[in-house]
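Peer 1: quick one: sequence and predicted model below, then my questions.
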Amino acid sequence: YHKRNLNGIVGGNKESLEIIKNLGAKAPTKLIFWGVNINLFFPKNRDESRGKLGIPQNIKLIGYFGRIIEEKGLDTLVLAVNKINDCHLIFVGDGDYKNTLTKIVDSLDIKNRTFFYKSVNHSDLVDFYSALDVFILPSKTMPEWEEQYGRVLVEAMACGLPVIGSSSGAIPTVLEGYPKG
């Protein structure tokens with residue numbers, strides 16, 4: 001019934017639209033990303049945000065916000081930051097991989113360059129984004145999982161940040177056309 005009576009299909013990523021087409025739907029498709037509230041996410045002064053959060057002014061700060069789970073590739077991010085002596089790392093979020101991630105940070109002896117914050121109010125995230133020099137979403141494609149969208153990428157973009165993402169799932173599509181540099 002649905003295949004015969006569709007006038008159009010809207011999807012949040014290219015893969016979802018491909019799946020619907022492969023099921024036999026003949027209607028036109030449109031990729032429409034989820035929005036971001038630009039009243040909550042906008043560029044703020046980095047130094048003011050760092051001061052508000054108690055983060056030192058004179059450091060290079062890389063950030064990841066979201067669920068602390070293995071699929072997000074956070075071990076890869078920690079290993080990369082370990083190779084750059086003057087970079088610090090901030091994680092905002094919680095999850096079942098946090099203990100493992102903390103052990104990796106401890107084993108590399110970079111605890112003094114790593115900040116962990118549990119989940120924060122959504123409205124407070126703008127200061128965390130604004131405190132960063134770059135936002136990274138290093139998600140890994142796993143046999144039963146890939147990044148479906150990456151809302152944090154769009155929030156970071158709205159805050160005017162340089163953004164780096166892996167090739168997992170919809171990340172390349174979300175970053176397509178975003179200024180590189």
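Peer 2: On my side now, so go ahead. Numbering: from 1, shown residues only.

Peer 1: shaky segments in the protein?
Peer 2: By pLDDT under 70, the weakly predicted segments of the chain are 2-3, 180-181.

Peer 1: can you confirm Ala156 is in a strand?
Peer 2: No. Counting by DSSP: H, G, I helix; E, B strand; the rest coil, Ala156 is not part of a strand but helix.

Peer 1: can you name the residues bridging to His88?
Peer 2: For His88, the beta-bridge partners under DSSP bridges are Leu61.

Peer 1: what residues are up against it?
Peer 2: Contacts for His88 were tallied using Cβ atoms under 8 Å, 6 or more residues apart in numbering; they are 56, 59-62, 81, 113-115. In this view, the C-beta of every residue, glycine as well, is placed from N, C-alpha and C.

Peer 1: one more pass at 7 Å, please.
Peer 2: For His88, the contact set (Cβ atoms under 7 Å, 6 or more residues apart in numbering) comprises 59-61, 113-115.

Peer 1: cool, Lys118 as well?
Peer 2: Counted by Cβ under 7 Å, 6+ apart, Lys118 has contacts Asp94.

Peer 1: before we move on, what about Lys72?
Peer 2: If a contact means Cβ under 7 Å, 6+ apart, then Lys72 has 66, 138-139 as its contacts.

Peer 1: re earlier: pull out the buried members of the contacts of His88.
Peer 2: Among the contacts of His88, those classed as buried by 16 or more other Cβ atoms under 10 Å are 61, 113-115.

Peer 1: show me where the protein has helices.
Peer 2: Counting by DSSP state H, residue ranges of the helices within the chain are 2-5, 14-22, 46-53, 74-82, 98-107, 125-131, 151-158, 171-175.

Peer 1: nearest to Ile90, of those helices?
Peer 2: helix 125-131 (7.2 Å; Cβ to Cβ).

Peer 1: export the closest one as PDB, just CAs?
Peer 2: Output of helix 125-131 as PDB, limited to C-alpha atoms (Å, rounded to 0.1, in the frame of the first residue of the first chain):
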ATOM      1  CA  LEU A 125      26.900  23.200  25.500                       C
ATOM      2  CA  VAL A 126      27.500  26.400  23.600                       C
ATOM      3  CA  ASP A 127      30.200  27.400  26.100                       C
ATOM      4  CA  PHE A 128      31.900  24.000  25.800                       C
ATOM      5  CA  TYR A 129      31.900  24.200  22.000                       C
ATOM      6  CA  SER A 130      33.100  27.800  22.100                       C
ATOM      7  CA  ALA A 131      36.000  26.800  24.400                       C
END
